[in-house]
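Trainee: I would like the atomic coordinates for the input below:
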Amino acid sequence: MKSIRVLAAACVLGALAGCSSAPAPVTPTQSASDLTPGNRTAVRQGGTLRWAVDEVPASLDVYQADATADTALIAHALLPSLYRLDDHARPVPDPDYLVGAELTDRTVTYRLNPKAVWSDGTPVTAADFTAQWTALRDTHPGYQAIASIAQGVDQHQVKVVFRQPYAEWKSLFSPLNPAAGLPLSAGPLLLKSLDAKGGKAALVRNPRWWGDAPKVDELDFLATPDRLDALSQSRVDVAALEGTVDHPPTTNSADALDSATRALQRARALPGITLHRAAAPAFTQLTLNGARGQLAEPAVRRAVAACVDRAKIAQAALGPLGLPAAPLGNHLLMADQQGYHDNSASLAATAKSMHLELSLLYPDGSATARRTADALVAQLAPYGITVHPQAASPDGFVRDHLAAGDWDLALFSWPATAFPATDERPLYAKPQVGPDGKLVLGLNYGGSGTDEIDQLFAKAEAEADPVQQTALLRQADERIWQLGHSVPLYQRPELVAVRTGVAGAGAYGFGWPRYQDLGFLRQ
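Mentor: Numbers count the residues shown, from 1 in each chain. Predicted coordinates for the structure are as follows:
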């Protein structure tokens, strides 16, 4: 299970006014991924591909609390993932590692690819599954659900028995760490060097790799704060730019909006560079603090939420990046995920004059966050709602402000997930009273929840039928709307610059690169 983190670069664009009714359900049109085309036969052998990252991690264990998206990006080149995610976040077996898997009652029987070996030559076996379960069963819900793991008829078969029905078992063991410990690998590439201080991770071909041979000789991940300069000076070949555009290098918040526009214009003008755009696996939303003040009343929360014009905010936020501006109408599923449905009509509230005075917490340094704050001030003012924006440092946004609860409205983003019944459940779980008599919010910073929502999540987590699980998740989302807990605004954009001639790279959405296919096109 991936860890849930607040993305500090959260929030949206648009200084807007007005209010609109909930749109009818529509078929999503935005791109789930956008890659440079080119099949393996068109990619030449050799070369070093340079990939910009925020920072090079000291460890490649994606299950540690401080793991980042960069940790996962690098780890996926080195470690087995039994399942990959397709364009609609559906798990599909990776035949390089998994021949097949079958669920019978509460037992999953995995049939591993007999060619799969770690970089020291030892086969991938049940021992690796057991070691991962042992390491994670006290902290990760999916692994807590496991009762036992054993070898099957031979070393290539693994039997995992669950204590209770667990529908999202495909989220487990992806990636799979070696029982003997990192930096052993079992991917198309292996680790040549990892220098967190120097900002470089160098990966080279794995001589024991059994699948399609990697095209590049070396893949370097480089800590690159100045992405546009690095691209213009040909120091990197692939670089995500949404952070550069959203957080321009300026300390003056008044200049942030103009700087963001200039950064995007410069990115578009880079010679020999293609900008790839897709919807990212993350969404921006507005949380209403139901644990204090007038927003403790659900009817008031719903009335405030009804004043937010999600469609106009999405248009202002996504239009400049060339993405379709579809507002998000679901707390649990993104618009490019199987089973998505716009449930915003469940809010069933009408905007009206209330004469409220509310604070609005948002992360400082973000051009989109600043625009969103301005938009909400303008949108809510005609209804007698005075909003006081309060910018907070991204470094302490969660710990010092969001978790402290000293706010009325808060703008931030959550990562999206392919397994919402488990991963999204803590965001909406009903707060419980602790030993000291105070509410324990956990990750539900809004502070509102119900037993019914908790029960729907529990049923969805145990429901093996994907159609029935989707129906349960839809019911849970409808109840979250009716609770006035939060307002999903839009799926965040992913903007990736790729040098001309580089194949297989771009904006991956929920997925990740097929590293053996990355390379340079023949001239």
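
Trainee: so which strand or helix has the closest residue to residue 450 other than its chain neighbours?
Mentor: In space, residue 450 comes closest to residue 430 once its chain neighbours are excluded; the distance is 5.9 Å by Cβ to Cβ, 6 or more residues apart in numbering. Where you see a C-beta, it was placed from the backbone N, CA and C, and this is true even at glycine. Residue 430 belongs to no helix or strand when assigned by DSSP states H and E.

Trainee: Pull the number of nearby residues for residue 430.
Mentor: For residue 430, the neighbour count with other Cβ atoms under 10 Å is 16.

Trainee: for this structure, which strand is longest?
Mentor: Using DSSP state E to define each element, the chain has its longest strand at strand 273-288.

Trainee: List the residues that contact residue 487.
Mentor: If you count contacts by Cβ atoms under 8 Å, 6 or more residues apart in numbering, residue 487 has them with 285-286, 288, 305, 308, 310.

Trainee: To clarify, my last question referred to residue 440.
Mentor: Residue 440 makes contacts with 431-434, as judged by Cβ under 8 Å, 6+ apart.

Trainee: so what's the backbone phi/psi at it?
Mentor: With angles defined as degrees, to the nearest 10, residue 440 sits at phi -100, psi 110.

Trainee: Please shift the residue numbers so they start at 607 in all later answers.
Mentor: New numbering, starting at 607: the last item is residue 1046.

Trainee: For it, name its beta-bridge partners.
Mentor: Going by DSSP bridges, residue 1046 is paired in beta bridges with residue 1038.

Trainee: Against residue 790, how distant is it?
Mentor: Note on residue 1046: its distance to residue 790, by Cβ to Cβ, to the nearest Å, is 39 Å.

Trainee: now residue 661
Mentor: Going from residue 661 to residue 790 by Cβ to Cβ gives 23 Å.

Trainee: got it, and residue 668?
Mentor: For residue 668, the distance to residue 790 equals 15 Å [Cβ to Cβ].

Trainee: So for these two, which sits in the more crowded spot?
Mentor: For residue 668 versus residue 790, neighbours defined as other Cβ under 10 Å are more numerous around residue 668 (21 against 18).

Trainee: show me the contacts for the more buried one.
Mentor: Residue 668 makes contacts with 608, 677-678, 681, 781, as judged by Cβ under 8 Å, 6+ apart.

Trainee: residue nearest the centroid of this structure?
Mentor: For the chain, residue 1021 is the residue whose C-alpha lies nearest the centre (Cα atoms, centre = their mean; 3.4 Å).

Trainee: hang on, that residue packs against residue 888?
Mentor: Yes - the criterion here is Cβ atoms under 8 Å, and residue 1021 meets it with residue 888 at 5.0 Å.

Trainee: what about the stretch 857-1006 of the chain, any weak spots by pLDDT?
Mentor: For the stretch 857-1006 of the chain, the stretches with pLDDT under 70 are 857-864.

Trainee: So which residues of it form helices?
Mentor: Here the stretch 857-1006 of the chain has its helices, by DSSP state H, counting those that start in this stretch, at 859-875, 904-911, 916-924, 973-986.

Trainee: Which one of these lies nearest to residue 711?
Mentor: With Cβ to Cβ, the closest approach to residue 711 among those belongs to helix 904-911: 40.6 Å.

Trainee: Touching that closest one from outside, list them.
Mentor: Outside helix 904-911, the residues that touch it by Cβ under 8 Å, 6+ apart are 892, 894, 896, 900-901, 953-958, 960, 962, 964, 986, 991, 1015, 1054, 1088-1091, 1093.

Trainee: Filter these down to the buried ones.
Mentor: Buried members of those, scored by 16 or more other Cβ atoms under 10 Å, are 892, 894, 896, 901, 953, 955, 957, 962, 964, 986, 991, 1015, 1054, 1088-1091, 1093.

Trainee: Around the nearest residue to residue 687 once chain neighbours are set aside, count how many other residues there are.
Mentor: Excluding its sequence neighbours, the residue lying closest to residue 687 (Cβ to Cβ, 6+ apart) is residue 780, at 3.9 Å. Counted by other Cβ under 10 Å, the residues lying close to residue 780 total 21.

Trainee: so what's residue 1105 bridging to?
Mentor: Taking DSSP bridges as the rule, residue 1105 bridges to residue 879.

Trainee: quick one: it from residue 683, how far?
Mentor: Residue 1105 is 19 Å from residue 683, by Cβ to Cβ.

Trainee: Next, count neighbours for the nearest residue to residue 1114 once chain neighbours are set aside.
Mentor: Nearest-residue entry for residue 1114: residue 639, 5.4 Å, with adjacent residues in sequence omitted and distances by Cβ to Cβ, 6+ apart. Counted with other Cβ under 10 Å, the neighbours of residue 639 add up to 17.

Trainee: can you pull the pLDDT of residue 638?
Mentor: Note for residue 638: predicted pLDDT of 79.

Trainee: What of residue 615?
Mentor: pLDDT recorded at residue 615 is 33.

Trainee: cool, and residue 631?
Mentor: pLDDT, residue 631: 37.

Trainee: Excluding chain neighbours, give the residue nearest to residue 1128 in space.
Mentor: Of all residues not flanking residue 1128 in the chain, residue 650 sits nearest, at 4.8 Å (Cβ to Cβ, 6+ apart).

Trainee: May I have the predicted confidence score for residue 855?
Mentor: Residue 855 is assigned a pLDDT of 62 by the prediction.

Trainee: So among the contacts of residue 668, where is pLDDT lowest?
Mentor: Out of those, that is residue 608, at 43.

Trainee: Give me the three-state assignment for the closest residue to residue 775 other than its chain neighbours.
Mentor: Distances taken as Cβ to Cβ, 6+ apart put residue 714 closest to residue 775, at 5.4 Å, once the chain neighbours are dropped. Look at residue 714: counting by DSSP: H, G, I helix; E, B strand; the rest coil, its state is strand.

Trainee: Residue 1075 now?
Mentor: At residue 1075 the chain is in helix, as set by three-state DSSP.

Trainee: same question, the one 5 residues further on
Mentor: Using three-state DSSP, the secondary structure recorded for residue 1080 is helix.

Trainee: ok, the residue lying closest to it once chain neighbours are set aside - contacts?
Mentor: With Cβ to Cβ, 6+ apart as the criterion, residue 1080 has its nearest non-adjacent residue at 5.7 Å, and that residue is residue 947. With contact set as Cβ under 8 Å, 6+ apart, residue 947 has these partners: 631, 935-936, 939, 1080, 1083.

Trainee: Take these and write them to a markdown table, including distance to residue 977 and neighbour count.
Mentor: Shown next, in a markdown table, are these (distance: Cβ to Cβ, whole Å; neighbours: other Cβ atoms under 10 Å):
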| residue | distance to residue 977 | neighbour count |
| --- | --- | --- |
| 631 | 28 | 13 |
| 935 | 21 | 26 |
| 936 | 23 | 25 |
| 939 | 26 | 26 |
| 1080 | 31 | 20 |
| 1083 | 27 | 26 |
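
Trainee: In strands only, show me those.
Mentor: Checked against DSSP E, the contacts of residue 947 include nothing in strands.

Trainee: Am I right that residue 1098 is in contact with residue 889?
Mentor: Yes - Residue 1098 lies in contact with residue 889 (Cβ under 8 Å); the separation is 6.2 Å.

Trainee: returning to that earlier point: which one of the contacts of residue 1046 sits in the busiest neighbourhood?
Mentor: Busiest of those [other Cβ under 10 Å] is residue 1037, holding 18 neighbours.

Trainee: separation between that residue and residue 717?
Mentor: Residue 1037 is 43 Å from residue 717, by Cβ to Cβ.

Trainee: How about residue 851?
Mentor: Taken as Cβ to Cβ, the span from residue 851 to residue 717 is 45 Å.

Trainee: before we move on, what about residue 823?
Mentor: Residue 823 is 33 Å from residue 717, where distance means Cβ to Cβ.

Trainee: One more: residue 1125?
Mentor: Distance, residue 1125 to residue 717, by Cβ to Cβ: 31 Å.

Trainee: the more surrounded of these two?
Mentor: Under the criterion of other Cβ under 10 Å, the comparison of residue 1125 against residue 717 puts residue 1125 first, with 26 against 17.
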